[in-house]
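Peer 1: the following comprises the amino acid sequence and a computationally predicted model.
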Amino acid sequence: EGQRHGGIAQGVAQALLEEVCYDANGNPVTSTLIDYSTITATELPSFELVQMETPTTINPLGVKGIGEAGTIGATPAVQSAVVDAVAHLGVRHIDMPATPERVWDAISEARAGQ
């Protein structure tokens with residue numbers, strides 16, 4: 001369960017926050033955890049995990065990896081939710097991560113194009 005919770009948190013963070021940024025000279029400006037946005041339990045909504053197992057026949061234990069499972073669906077689900085939330089304003093796309101600035105810019109561009 002911890003790996004699935006962590007995977008979902010990683011997917012949400014990738015969609016909303018995480019980005020490596022560089023200055024004009026190509027130097028990283030997000031090189032420490034002080035500069036690099038991360039997500040914590042405070043920013044995450046509550047979610048319920050559903051138990052579903054599909055054993056494999058490829059190995060003797062019948063097990064598969066689980067660590068990436070949460071990220072696979074969480075990232076596009078959150079990104080799509082952000083775009084859907086502002087679609088009525090004419091927004092059709094927002095680059096990831098969907099930071100407040102990028103959302104604002106997308107809304108402003110959509111309004112300017114009307």
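Peer 2: In hand now; what should we look at?

Peer 1: helices of the chain, start to end?
Peer 2: Assigned by DSSP state H, the chain shows helices spanning 2-16, 69-86, 100-112.

Peer 1: quick one: pLDDT of the residue nearest to residue 28 when sequence neighbours are not counted?
Peer 2: In this structure, residue 28 finds its nearest non-sequential neighbour in residue 22, 5.6 Å apart by Cβ to Cβ, 6 or more residues apart in numbering. Quick note: C-beta positions are derived from backbone N, CA and C, even for glycine. Residue 22 carries a pLDDT value of 95.

Peer 1: quick check, central residue of the chain?
Peer 2: Geometric centre of the chain, nearest residue: residue 15, 2.5 Å, by Cα atoms, centre = their mean.

Peer 1: surely that one meets residue 99?
Peer 2: No - using Cβ atoms under 8 Å as the test, residue 15 is too far from residue 99 to be in contact (10.3 Å).

Peer 1: can you give me phi and psi for residue 38?
Peer 2: Main-chain torsions, residue 38, degrees, to the nearest 10: phi -130, psi 160.

Peer 1: sketch out the low-pLDDT regions of this protein for me.
Peer 2: 67 (pLDDT under 70).

Peer 1: number of nearby residues for the residue nearest to residue 28?
Peer 2: Residues near residue 22, counting by other Cβ atoms under 10 Å, number 11.

Peer 1: please report the distance of it from residue 36.
Peer 2: Residue 22 is 13 Å from residue 36, where distance means Cβ to Cβ, to the nearest Å.

Peer 1: what of residue 58?
Peer 2: For residue 58, the distance to residue 36 equals 37 Å [Cβ to Cβ].

Peer 1: just residue 74 next, same as before
Peer 2: 19 Å.

Peer 1: who has more neighbours, the two?
Peer 2: Neighbours per residue, other Cβ under 10 Å: of residue 74 and residue 36, the larger number sits with residue 74, 21 against 15.

Peer 1: and the nearest residue to residue 71 once chain neighbours are set aside, how far is that from residue 107?
Peer 2: Excluding its sequence neighbours, the residue lying closest to residue 71 (Cβ to Cβ, 6+ apart) is residue 11, at 4.1 Å. Distance, residue 11 to residue 107, by Cβ to Cβ: 24 Å.
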